[in-house]
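A.B. asks: the sequence isn't on hand, but the structure is:
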């Protein structure tokens, strides 16, 4: 074996090791990214599974709609990100006047087992469907008669 063959062998082995190191480094970066995204998705799914709201009372009197919503899950919720609307066969009305009616633990945060109240002045008549949704997509709905 000549000196040229030894140099070529060493060069070939060095290139293989460099390629292997590059592959491992790129793979680890990709694995870390996937791991982070996977953990984030799992956290969001668990949050959704632990979220439950329930419309406990709906009253319409003197052109005022009052809705009580109870947080029956394990997740703290942000009322400013709630969506609520009522609709019938001819109209859709968006509602957003939420407040925490029975704020037990953390002031301003809709904690588990607290009650929020939605109060709107509206002129309604007929049958309506009310839908209330949290910021993570968990919803509750009910029907009511106004007028």
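C.D. replies: Looks like it arrived, so ask away. The structure presented is a predicted model; accordingly, all values stated were derived computationally and were not measured.

A.B. asks: strands of this structure, start to end?
C.D. replies: Applying DSSP state E to the chain gives strands spanning 53-61, 64-71, 83-87, 92-95, 98-102, 115-121, 126-133, 139-146.

A.B. asks: need the winner for burial among those.
C.D. replies: strand 64-71 (a mean of 20; mean count of other Cβ atoms under 10 Å). In this view, the C-beta of every residue, glycine as well, is placed from N, C-alpha and C.

A.B. asks: could you tell me the least trusted of the strands of the chain?
C.D. replies: Note on the strands of the chain: strand 98-102 shows the lowest mean pLDDT, a mean of 86.

A.B. asks: what's that one in contact with?
C.D. replies: 68, 79-80, 82, 84, 108, 110, 114-119 (Cβ atoms under 8 Å, 6 or more residues apart in numbering).

A.B. asks: I'd like the strands of the chain laid out as a markdown table, including distance to residue 39.
C.D. replies: Below are the strands of the chain laid out as a markdown table (distance: least, Cβ to Cβ, whole Å):
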| stretch | distance to residue 39 |
| --- | --- |
| strand 53-61 | 26 |
| strand 64-71 | 25 |
| strand 83-87 | 27 |
| strand 92-95 | 35 |
| strand 98-102 | 31 |
| strand 115-121 | 30 |
| strand 126-133 | 25 |
| strand 139-146 | 26 |
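
A.B. asks: span of stretch 116-135 from start to end?
C.D. replies: 15 Å (Cα to Cα, to the nearest Å).

A.B. asks: repeat that for stretch 45-55.
C.D. replies: End to end - Cα to Cα - stretch 45-55 spans 22 Å.
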